[in-house]
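3D, please:
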Amino acid sequence: MNFTLHFESVFAESDLILRGIVLTIGLSATAIVLGTLVAVILVGLRTLGNGPVRFGVDSYVELLRNTPFLVQLFMIFFGLPLIGFRMSGTQAALFAMTLNLSAYATEIIRAGVDSIHRSQVEAGMSLALSRIQVFRYVMLKPAFAKIWPALSSQFVLMLLASSICSFISVPELSGAASIIEQRTFRSFETYIVVTIIYLVLALTLKLILVWLGQWLFRRRVKVTPPVTVKEGIA
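Residues are numbered from 1 along each chain as shown. Take a look at the predicted model:
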């Protein structure tokens, strides 16, 4: 069976592909920023709050971490309009991505916060820092340095999961690929190109996050010159 690849018709839709790339990057970057902020707030509430608050945060995290992202997306896009909250496909995608990422990021950041030794917390309290200041400066910053690789991996997974948003007709990269496939009937060629683009986007994001982690959490080591002791004559 002879089969010849024809990429000309796919590359002819380069404008559509470019718009899909831009939307994918925009959705992912915004969801990463918003989801991380929500996660930090939730970890703070869980750390500083009382029993009912901690239970509420844990329930939120478990609900979103143990249900499919596609179901969450459909609940937001198709379910919320039934109770009066209408939003476009792009808005629903961003909302769903933010919620989903915040749940996973909360658990990752919580693990980092819990790894901070009790003695460090007590040292911060002895300096008359408030509980919020102790959480922010003594617990949160060192925790981020410890969990940054795991958090970075979750960010990359969120970028790739954005492809699911094509199910509600969001014209991100995967949605653009579906349109191109319908126009050209070149399924194999279309998804070869899209796979390569996703690979480049994921590796680029990974490199950016590695660089960002090195810049944010680099250790400034002050080198002290060795002290020489000269023996004197008594």
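
From here on, just use CA atoms for contacts and neighbour counts.
Fine.

Tell me which residues touch A39, please.
102-103, 105-106, 109 (C-alpha atoms under 8 Å, 6 or more residues apart in numbering).

Go again with 6 Å.
102, 105-106 (C-alpha atoms under 6 Å, 6 or more residues apart in numbering).

so A177 is in which element?
helix 173-184 (DSSP states H and E).

brain fart, L16
For L16, the enclosing helix or strand under DSSP H and E is helix 14-48.

Any buried residues in the helix or strand just after that helix, and which?
As assigned by DSSP H and E, the chain's next helix or strand after helix 14-48 is helix 51-65. For helix 51-65, burial by neighbour count (16 or more other C-alpha atoms under 10 Å) applies to 54, 57-58, 60-61, 64-65.

same deal with stretch 194-209?
Buried-residue list, stretch 194-209, by 16+ other C-alpha under 10 Å: 194, 198, 201-202, 205-206, 209.

And for stretch 88-99?
For stretch 88-99, by 16+ other C-alpha under 10 Å, it's 89-90, 92-99.

Tell me the one among those nearest to L160.
Nearest to L160 among the buried residues of stretch 88-99 is M97, at 11.0 Å by C-alpha to C-alpha.

Tell me who's in contact with the residue nearest in space to the middle of the chain.
By C-alpha atoms, centre = their mean, the chain has its centre lying nearest to F155, at 3.0 Å. By C-alpha under 6 Å, 6+ apart, F155 lies in contact with nothing.

Quick check: phi and psi on it?
Main-chain dihedrals, F155, degrees, to the nearest 10: phi -60, psi -40.

how near is it to R110?
The gap separating F155 from R110 is 16 Å, by C-alpha to C-alpha, to the nearest Å.

what does F11 give?
Using C-alpha to C-alpha, F11 is found at 45 Å from R110.

How about R118?
Relative to R110, R118 is positioned 15 Å away (C-alpha to C-alpha).

ranges for the helices of this structure?
Secondary structure of the chain by DSSP state H: the helices cover 8-11, 14-48, 51-65, 69-74, 89-114, 118-126, 131-133, 141-161, 173-184, 187-216.

looking at the ones you listed, which has the lowest confidence?
In terms of average pLDDT, helix 118-126 trails the rest of the helices of the chain, at a mean of 74.

then it to PDB, C-alphas only?
Presented in PDB, the C-alpha positions along helix 118-126 are these (Å, rounded to 0.1, in the frame of the first residue of the first chain):
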ATOM      1  CA  ARG A 118       9.200  23.100  63.200                       C
ATOM      2  CA  SER A 119      12.300  24.800  64.600                       C
ATOM      3  CA  GLN A 120      12.300  27.300  61.700                       C
ATOM      4  CA  VAL A 121       8.700  28.200  62.500                       C
ATOM      5  CA  GLU A 122       9.400  28.600  66.200                       C
ATOM      6  CA  ALA A 123      12.400  30.800  65.300                       C
ATOM      7  CA  GLY A 124      10.200  33.000  63.200                       C
ATOM      8  CA  MET A 125       7.600  33.200  66.000                       C
ATOM      9  CA  SER A 126      10.400  34.200  68.500                       C
END
